[in-house]
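Trainee: For reference, the sequence and a predicted model appear below.
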Amino acid sequence: MINIQPELNSSFQPAICEVQGIGLHSGVATTVRIIAAEPGVGRYFVRVDLPSQPQIPAHISSVSQTTLSTELTANGASVRTVEHVLAALTALGIEDARVEIDGAELPLLDGSARVWVDCLTRSIQRSSSGHLATSGEITEPVWIRQDDAFVAALPSSVLRFTYGIDFDVAPIGNQWHSWQPDQDDFTTEIAPARTFGLAYQIDQLRAAGLIKGGSLDNALVCDEHQWLNPPLRFPNEPCRHKLLDLIGDLSLLGKIPQAHFLAYKASHQLHVQLAQRLHEVGY
C-alpha cells in the first residue's frame with residue numbers, strides 16, 4: 001500500500017511517502033513513512049512504535065550486523081534491512097529524510113527498490129538520473145578482500161559501480177553489471193532488480209531464524225537447474241540486485257565519494273567494511 005500526502009517542512013519538495021509490507025527476516029508487517037527533513041540533518045530512522053521514539057542515524061557508525069541484510073542500532077533501538085530504501089533515497093539525491101517505522105525491519109515489498117522509487121518519484125516529481133551527490137574524489141585505491149571476494153574504491157574521473165557474482169548453479173553462474181549514475185537511469189536499470197536465493201538454502205536459513213517473510217512473491221529463487229518463479233526482469237537481475245545493495249550500504253557514508261566501486265562475490269559485510277575504511281580516511 002502506498003499513500004502520498006503533502007508535507008510543508010521539506011528539503012527536497014513537499015512530500016510524504018507511506019509504504020506497508022512484510023519484513024524479509026522477521027516476517028512482521030510494518031508501516032514506513034518517509035518525511036522530508038531539514039537540510040543538513042541527513043537520513044535517519046525513527047522507531048515510532050517505541051515509547052521514546054528513538055532515532056537511528058543512517059550512518060556507518062550505526063551498523064550493528066550484516067547477516068543477509070544491513071542492520072543499524074542507536075539509542076537502544078535497531079532497524080534492519082535498510083539497504084533498499086537507502087539506495088533509493090541516495091540515487092534520487094534525497095540527502096535529508098526522516099524514515100518513520102513502527103517495527104524493527106523495513107518491508108521487503110517485491111524484493112527490489114522499485115516500490116520505494118516509484119513512491120518517492122511521484123512525490124518529488126523528478127527524474128532519478130544524475131542526482132547522486134559525491135563527497136570528494138578517491139585518490140588512492142582502497143580494497144577490502146576476503147578469500148576471492150573483494151570490494152574496492154578505485155580512482156576515477158566519474159562515479160561508477162561494477163559488480164560481479166559467481167554461483168555454482170546454472171541459472172545464475174557468472175554475471176557482471178556496471179552502472180554509471182550520470183548515464184543510466186537508476187529507476188529503470190537498477191531499482192527493479194529483486195533479491196534472490198537458492199532453494200537448497202531455504203530450510204537452513206529459516207532454522208537459523210532468517211527469511212521468515214521470504215516467498216516466491218518477494219524474491220527470486222532457483223535450484224541447480226532453473227528459476228522457480230520466472231520471468232526475470234533482466235538476464236543478470238541477481239547481479240544488478242547486488243549492485244543495488246552496494247549503493248545502499250555505501251550510502252551510510254552520507255555522500256558516496258567519486259570513485260569506481262568494483263565488487264566481486266562480495267556481501268553486506270564487505271560493503272560495510274569498505275564504507276568504514278573510507279570513513280576512517282576522511283570520506
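Mentor: Received the coordinates, thanks. Residues are numbered from 1 along each chain as shown.
Trainee: How many neighbouring residues does residue 64 have?
Mentor: 13 (other C-beta atoms under 10 Å). Where C-beta positions appear, they are placed from N, C-alpha and C, glycine not excepted.
Trainee: check contacts around the spatially closest residue to it that is not a sequence neighbour.
Mentor: Spatial nearest neighbour of residue 64, chain neighbours left out: residue 73 (3.7 Å); criterion: C-beta to C-beta, 6 or more residues apart in numbering. By C-beta atoms under 8 Å, 6 or more residues apart in numbering, the contact list for residue 73 reads 56, 62-64.
Trainee: cool, and residue 227?
Mentor: So residue 227 contacts 171, 220-221 (C-beta under 8 Å, 6+ apart).
Trainee: re the thing from before, and the residue nearest to residue 64, how far from residue 272?
Mentor: Separation of residue 73 from residue 272 (C-beta to C-beta, to the nearest Å): 13 Å.
Trainee: so what's the residue lying closest to residue 194 once chain neighbours are set aside up against?
Mentor: Excluding its sequence neighbours, the residue lying closest to residue 194 (C-beta to C-beta, 6+ apart) is residue 111, at 3.6 Å. Residue 111 is in contact with 194-196, 218-220, 241, counting by C-beta under 8 Å, 6+ apart.
Trainee: how does it look with 10 Å?
Mentor: Contact analysis of residue 111 by C-beta atoms under 10 Å, 6 or more residues apart in numbering lists 24, 84, 192-197, 214-215, 217-220, 237, 241.
Trainee: Please report which of the residues you listed has the highest neighbour count.
Mentor: residue 84 (30 neighbours).
Trainee: Compute the number of surrounding residues for the nearest residue to that residue once chain neighbours are set aside.
Mentor: Distances taken as C-beta to C-beta, 6+ apart put residue 113 closest to residue 84, at 4.5 Å, once the chain neighbours are dropped. By the criterion of other C-beta under 10 Å, residue 113 has 30 neighbours.
Trainee: show me the contacts for residue 113.
Mentor: Residue 113 neighbours (C-beta under 10 Å, 6+ apart): 83-89, 91, 120, 186-187, 190-194, 241, 244-245, 247-248.
Trainee: Show the model's pLDDT score for it.
Mentor: Among the per-residue scores, residue 113 shows a pLDDT of 98.
Trainee: tell me the phi and psi of it?
Mentor: Backbone torsions of residue 113, given as degrees, to the nearest 10, read phi -100, psi 10.
Trainee: Any stretches of the stretch 1-150 of the chain with poor pLDDT?
Mentor: 1-15, 125-131 (pLDDT under 70).
Trainee: Can you give me the domain assignment for the protein?
Mentor: For the chain, automatic domain parsing gives the domain ranges 2-124, 134-280.
Trainee: out of those domains, deepest packed?
Mentor: domain 2-124 (a mean of 20; mean count of other C-beta atoms under 10 Å).
Trainee: what do residue 73 and residue 272 both touch?
Mentor: With C-beta under 10 Å, 6+ apart, residue 73 and residue 272 have common neighbours 63, 65.
Trainee: which SS state does residue 18 fall under?
Mentor: strand (DSSP: H, G, I helix; E, B strand; the rest coil).
Trainee: roughly how far apart are it and residue 178?
Mentor: Distance from residue 18 to residue 178, by C-beta to C-beta: 34 Å.
Trainee: ok, now residue 262?
Mentor: 9 Å.
Trainee: and what of residue 113?
Mentor: 18 Å.
Trainee: got it, and residue 28?
Mentor: 36 Å.
Trainee: now residue 243
Mentor: From residue 243 to residue 178 the distance is 8 Å (C-beta to C-beta).
Trainee: shared neighbours of these two, which are they?
Mentor: By C-beta under 10 Å, 6+ apart, the residues touching both residue 243 and residue 178 are 161-164.
Trainee: Of these, which belong to strands?
Mentor: 161-164 (DSSP state E).
Trainee: Of all pairs in those, which one spans the longest distance?
Mentor: 161 and 164 (11.3 Å; C-beta to C-beta).
Trainee: which residues are common contacts for the two?
Mentor: In contact with both residue 161 and residue 164: 177-178, 243, 262-263, using C-beta under 10 Å, 6+ apart.
Trainee: Can you convert those into JSON lines and add a column each for pLDDT and secondary structure?
Mentor: Output for the shared contacts of residue 161 and residue 164, formatted as JSON lines (pLDDT from 0 to 100; DSSP: H, G, I helix; E, B strand; the rest coil):
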{"residue": "177", "pLDDT": "98", "secondary structure": "strand"}
{"residue": "178", "pLDDT": "98", "secondary structure": "strand"}
{"residue": "243", "pLDDT": "98", "secondary structure": "helix"}
{"residue": "262", "pLDDT": "98", "secondary structure": "strand"}
{"residue": "263", "pLDDT": "98", "secondary structure": "strand"}
